[in-house]
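# Test case, fold it:
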Amino acid sequence: MGYRVVEVAWRPRSKVAWALFTTARRAAASLWNEMIVRHARLRRLGWEWPTLARWMRWAKGRAAGLSAQSVQQVVRDFCEAVSAATAERKAQRDRGEEVTTRYPWRCRRYRDVLYTNQEAKVRDGFLRLPHGRGQGVLRVKIPEGVTLPGRIMEATLTFGMVRLVCEVADAETVPTGVTVGVDLGVNTLLAATNGGTAVVVSGREAKAIQQYCNKQLASLRSRVDRCKPGSRRHKRLQRRKYKHLARCARKQRDLCHKATRAVARAFPGARVVVGKPFNAAAQHLGRRQAQQVSQACTAKIIQQLQYKLSGATQVTEAYSSQTCPVCGCGHKCLRIYRCKGCGLVAPRDVVGATNIRAIGLYGVLAPAQPMAKVLRFVRPLQKYPGRKGQPKPPGSSGGTPARSSSGAA
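Residues are numbered from 1 along each chain as shown. All right, here's what the predicted structure looks like:
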């Protein structure tokens, strides 16, 4: 079985719904903040961390405005965050590095509310989200063009959106036996190859969108900090900030869909082997480069490749862009890989995708791999290639124009 995420744009339309919506998000944040304070106190005193069952008993009936299942979801998320931070801190100490990972510490005023499949129900075209006995129920209208692909497993109530995780059956299509290696990056969003053809998708648009989002967000936050909390101007700026974040998120989601669609059209029904994102490398980069690497939409791309093709397997991509896939010698290069042993000249991302494909097939970096003879360069958000008024080149289609080049890569 697989899972599919469906997002429904929604905001309350009545004062009663707004009050229930705000109370639930504040209650979830209050419970999370209280657990942060208790966790810090237990660590300061050196006491043992309570078990999950004990936390469940402690939180029972503590958050007014939330159902019992939503309260348990908040407790479970916090315990998982503490466990992940503990494991990462231990790994950093074992490697002899400075411990930089922090436990949950930031207190927030609002937090998303999670509902299980026992609570979120669809009746008469409306999604019902309960909030405990005597608190009320939020009714979310399912748009006519939105179809739920399967049974609802989880629902998340956030500002301006309801996110539904639905269970779907595995695709019954038989894979064609083609294996495609995919290398993810920043300047190059992704590079995919099957040994004969390579598709290189530019990441300049995604980086520009994220930089614009960060600059506007910093400006809005500085203006919000100068306002009195609860004032009319403070609320207006908060609405503007959330609207800006939602608009940038929609742009990034559209860009990721167009980028993965180009790969799905070039290699229909193929099995994908993708390099596992290594965000820890951002700790050794500069401030701007680290921000670009940490904010890259790699997880979204892997998720979309998972259901647009015949599955996506993640493998370790260590030294995949520094090893020649033809002769096996290794050295660092810039955007163009130039091998000193066999004279191979190819884009570094295509070399990485070729080696990732070899890891998926053989488990190791094996030499004598076939290199792509045809390169297709794609810009996801460019509607029309070239200048205005020029005809489209042959082979391009829709919003993903491509430029092909034959010859040795």
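
# CA atoms for contacts and neighbours, from now on please.
Will do.

# remind me which residues of the stretch 251-400 of the chain are low pLDDT?
Applying pLDDT under 70 to the stretch 251-400 of the chain flags residues 278-284, 382-400.

# And the helices in it?
Using DSSP state H, counting those that start in this stretch, the helices of the stretch 251-400 of the chain run over residues 287-294, 298-308, 348-362.

# now for the last one, which elements pack on it?
Helices and strands touching helix 348-362, as assessed by 3 or more C-alpha pairs under 8 Å, 6 or more residues apart in numbering; DSSP states H and E, comprise strand 179-184, strand 188-193, strand 197-202, strand 271-275, strand 312-315, strand 336-338.

# looking at those strands, which is closest to K228?
Counting by C-alpha to C-alpha, K228 lies closest to strand 188-193 out of the helices and strands packed on helix 348-362; the figure is 41.2 Å.

# Which strands or helices does the helix or strand containing R240 pack on?
According to DSSP states H and E, R240 maps onto helix 232-266. The contact analysis (3+ C-alpha pairs under 8 Å, 6+ apart) places helix 232-266 against strand 197-202, helix 204-225, helix 298-308.

# among those, which is the most enclosed?
Greatest average neighbour count among the helices and strands packed on helix 232-266 goes to strand 197-202 (a mean of 25), per mean count of other C-alpha atoms under 10 Å.

# That strand to strand 179-184, inter-axis angle?
Here strand 197-202 runs at an angle of 20 degrees relative to strand 179-184 (axes from the mean of the first three to the mean of the last three C-alpha atoms, to 10 degrees).

# Quickly run through the sheet partners of strand 197-202, with directions.
Strand 197-202 has its sheet partners listed here by DSSP bridges as strand 188-193 (antiparallel), strand 374-378 (parallel).

# can you state the direction angle for the first one and helix 348-362?
Angle, strand 188-193 to helix 348-362, by the same axes, to 10 degrees: 50 degrees.

# now the helices and strands packed on helix 348-362 as TSV including distance to V165?
Supplementary listing: the helices and strands packed on helix 348-362 in TSV, determined by distance: least, C-alpha to C-alpha, whole Å:
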stretch	distance to V165
strand 179-184	25
strand 188-193	26
strand 197-202	28
strand 271-275	23
strand 312-315	19
strand 336-338	41
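
# Out of those strands, which is closest to P149?
The closest of the helices and strands packed on helix 348-362 to P149 is strand 312-315. By C-alpha to C-alpha, the value is 20.3 Å.

# quick check, R11 in a strand?
No: using DSSP: H, G, I helix; E, B strand; the rest coil, the assignment for R11 is coil, not a strand.

# Report the separation between the closest residue to it other than its chain neighbours and A84.
Closest residue in space to R11, ignoring its immediate chain neighbours: G160 at 5.2 Å, by C-alpha to C-alpha, 6 or more residues apart in numbering. Separation of G160 from A84 (C-alpha to C-alpha, to the nearest Å) stands at 29 Å.

# What of W18?
Computed with C-alpha to C-alpha, the distance linking W18 and A84 is 34 Å.

# same question, A290
For A290 relative to A84 (C-alpha to C-alpha), the value is 21 Å.

# now swap in E154 and tell me
For E154, the distance to A84 - C-alpha to C-alpha - is 22 Å.

# if you count what's nearby, which of those two comes out ahead?
More crowded of E154 and A84, by other C-alpha atoms under 10 Å: E154, with 18 against 14.

# Buried residues of stretch 32-43, list them for me.
The neighbour-count check on stretch 32-43 (16 or more other C-alpha atoms under 10 Å) flags W32, N33, M35, I36, H39 as buried.

# which ones are touching the third one?
Listed by C-alpha atoms under 8 Å, 6 or more residues apart in numbering, the contact partners of M35 are F78.

# where does it land on pLDDT?
Here the pLDDT value assigned to M35 is 95.

# and it, how far is that from S219?
The gap separating M35 from S219 is 31 Å, by C-alpha to C-alpha.

# ditto for the second one
In this view, N33 and S219 are 26 Å apart by C-alpha to C-alpha.

# wait, which of the helices and strands packed on helix 348-362 is closest to A53?
Closest among these, using C-alpha to C-alpha: strand 312-315, at 33.5 Å.

# From the contact counts, what lies against that closest one?
Other helices and strands packing on strand 312-315, by 3+ C-alpha pairs under 8 Å, 6+ apart, are strand 271-275, helix 298-308, helix 348-362.

# 7 Å instead, please
In this structure, strand 312-315 packs against strand 271-275, helix 298-308, with contacts taken as 3 or more C-alpha pairs under 7 Å, 6 or more residues apart in numbering; DSSP states H and E.
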